[in-house]
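1. Predicted model, plus sequence, below.
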Amino acid sequence: MYNKIRVAKAQFIGKEADILSKTKVPFLIILMIVLIAIPTMSGCSKIFSFSADEESNPVSNLPAGAIYINGAAIRPLTLNVINQAKQSIYIELSSLNDQEIIHLLITKARSGVEVRLLLDQWQRDNTSTIKTLKNENISVQYYPAEKGQFQRVRYMVIDHKTAVFYGSDWTTKGFDAHSMAVKLSGDSVGVMDKSFGKDWTYTTTMSLDLPDTYDLPEDNVTFAITVNVKQQLLNLINAATSEIRIETEQLSESDTIDALVEAKKRGCNVKVIVSLSSAITSPDAIQELKDAQIELRYYNQPDKKTMGANFGIFDQTTLFVSNSAWTYYSFVINHEGSLTVPSPAVAKKVTALFDEEWANSTP
């Protein structure tokens, strides 16, 4: 059957070429007709398919229970995950002064677990923390060594198979803030593990012994750092078709604001919660949002917790959470990180949180 089709194609193409040559049609047109004729004879609709398939926008299997809110849930999670470590503990934070966690890290190191930390050199709390850890021969370094840049990436990877992404530091202030953490156990953990290895090598010039491959299930969670954080956010804003919910301490980065204004113009329902300090630190940005008729409120919680959560929910299907507020320094200067989680279940949980905080916030 296949040979018959092939012969039929050849006969058809030969006849077409003969007719076209007699009419003196240019060769390029002949070639185009031939290329169109081939898939038509075989029953195909086109040579190359450019249509999006179902895998182009995969949904994450991350459960809603992987989202932890505020220190009352995040701190016990942190202690529990560290306690489970048997091989390695890799940590990137801006600041660490929680004494119980510090002593637990020392205990794990004494038991033979490989413990390594990267902290920000500009945070005062880290001076005594690093001294304490180095006295126990625990590998801890400052990241980065560049003046004017702050280390704001916050996550932990345990045994190359479990990770926790944080919105706030492991400090009294961080655990007291209104914050968010995400626990991961899929292939995004491998990406974070490799990212830590890269940062460690950059800081110390010493490479880590990381796995070549990771036997972890696909979770469709995207971990991004540095300039990719901003790109992930802009992609989500630009792709939104119905709703955008944002809560961030500061919203002043110009490209992000422009994208939100355009989203509003094309019909998206955009709501934004920022800190009251934004009215002082970035009044022009706040005014631009108001001028665009974007609904804006100032964070105000009955429990008086400070803001430490920076996230966006897009079309009730995708969560974006970052280590810090959405400013020029965060997206261009500092060392920052983010997670993008395309999960309706996760988005639903965080949307409920947003709606509650929207009701409590000040217009």
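-> Arrived safely, thanks for sending.
2. Let me have stretch 236-254 in PDB, keeping just the CA atoms, if that works.
-> What follows is stretch 236-254, C-alpha atoms only, in PDB (Å, rounded to 0.1, in the frame of the first residue of the first chain):
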ATOM      1  CA  LEU A 236       2.800  35.200  33.600                       C
ATOM      2  CA  ILE A 237       1.500  38.700  33.500                       C
ATOM      3  CA  ASN A 238       1.500  38.900  29.700                       C
ATOM      4  CA  ALA A 239      -0.200  35.500  29.400                       C
ATOM      5  CA  ALA A 240      -3.000  36.200  31.900                       C
ATOM      6  CA  THR A 241      -6.400  36.400  30.400                       C
ATOM      7  CA  SER A 242      -8.800  37.000  33.300                       C
ATOM      8  CA  GLU A 243      -7.400  37.600  36.800                       C
ATOM      9  CA  ILE A 244      -4.200  38.700  38.400                       C
ATOM     10  CA  ARG A 245      -3.800  38.800  42.200                       C
ATOM     11  CA  ILE A 246      -0.600  40.200  43.600                       C
ATOM     12  CA  GLU A 247       0.800  40.700  47.200                       C
ATOM     13  CA  THR A 248       4.200  42.100  47.500                       C
ATOM     14  CA  GLU A 249       5.900  44.500  49.900                       C
ATOM     15  CA  GLN A 250       7.100  46.800  47.200                       C
ATOM     16  CA  LEU A 251       6.000  47.000  43.600                       C
ATOM     17  CA  SER A 252       8.100  49.600  41.700                       C
ATOM     18  CA  GLU A 253       9.900  47.800  38.900                       C
ATOM     19  CA  SER A 254       8.900  49.700  35.700                       C
END
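3. residues in contact with residue 247?
-> Counting by C-beta atoms under 8 Å, 6 or more residues apart in numbering, residue 247 touches 272-274, 299, 307, 309-312, 354, 357. In this view, the C-beta of every residue, glycine as well, is placed from N, C-alpha and C.
4. Show me the beta-bridge partners of it.
-> residue 273, residue 311 (DSSP bridges).
5. Ramachandran angles for residue 314?
-> The phi and psi values for residue 314, taken as degrees, to the nearest 10, are phi -120, psi 120.
6. Touching, it and residue 237? I think so.
-> Yes - the pair residue 314 / residue 237 is scored as a contact, 7.4 Å apart, by C-beta atoms under 8 Å.
7. what residues do those two have in common as contacts?
-> Shared contacts of residue 314 and residue 237, defined by C-beta under 8 Å, 6+ apart, comprise residue 244.
8. Going along the chain, name the strands of the stretch 251-363 of the chain.
-> Along the stretch 251-363 of the chain, the stretches classed as strands by DSSP state E, counting those that start in this stretch are 269-274, 295-298, 311-314, 318-322, 337-341.
9. Same question for the stretch 1-150 of the chain.
-> Along the stretch 1-150 of the chain, counting by DSSP E, counting those that start in this stretch, strands occupy 67-69, 88-92, 114-119, 139-142.
10. Same list as before, those strands that is, but in a markdown table and with mean pLDDT, mean neighbour count and distance to residue 337 included.
-> Formatted as a markdown table, these follow (pLDDT from 0 to 100; neighbours: other C-beta atoms under 10 Å; distance: least, C-beta to C-beta, whole Å):
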| stretch | mean pLDDT | mean neighbour count | distance to residue 337 |
| --- | --- | --- | --- |
| strand 67-69 | 98 | 20 | 16 |
| strand 88-92 | 98 | 24 | 8 |
| strand 114-119 | 98 | 22 | 12 |
| strand 139-142 | 95 | 18 | 17 |
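11. Which segments of this structure make up each domain?
-> As given by automatic domain parsing, the domain ranges for the chain are 2-50, 64-204, 221-360.
12. export the ones you listed to CSV and tack on distance to residue 213?
-> Below are those laid out as CSV (distance: least, C-beta to C-beta, whole Å):
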stretch, distance to residue 213
domain 2-50, 31
domain 64-204, 8
domain 221-360, 17
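13. rank the ones you listed by pLDDT, which is bottom?
-> Of all those, the minimum mean pLDDT falls on domain 2-50 (a mean of 38).
14. Residue 263: neighbour count?
-> Residue 263 has 24 neighbours, counted by other C-beta atoms under 10 Å.
15. Wait, it touches residue 245, no?
-> No - if you go by C-beta under 8 Å, residue 263 and residue 245 don't touch, sitting 11.8 Å apart.
16. Please name whichever of the strands of the stretch 251-363 of the chain is nearest to residue 363.
-> The closest of the strands of the stretch 251-363 of the chain to residue 363 is strand 295-298. By C-beta to C-beta, the value is 5.5 Å.
17. how about stretch 353-363: buried residues?
-> By neighbour count on 16 or more other C-beta atoms under 10 Å, the buried set for stretch 353-363 is 353-354, 357-358, 361.
18. any chance of those residues in CSV, plus distance to residue 332?
-> Below are these laid out as CSV (distance: C-beta to C-beta, whole Å):
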residue, distance to residue 332
353, 29
354, 27
357, 28
358, 29
361, 28
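19. where exactly do the helices run in the stretch 201-350 of the chain?
-> 227-239, 254-265, 278-281, 283-291, 328, 344-360 (DSSP state H, counting those that start in this stretch).
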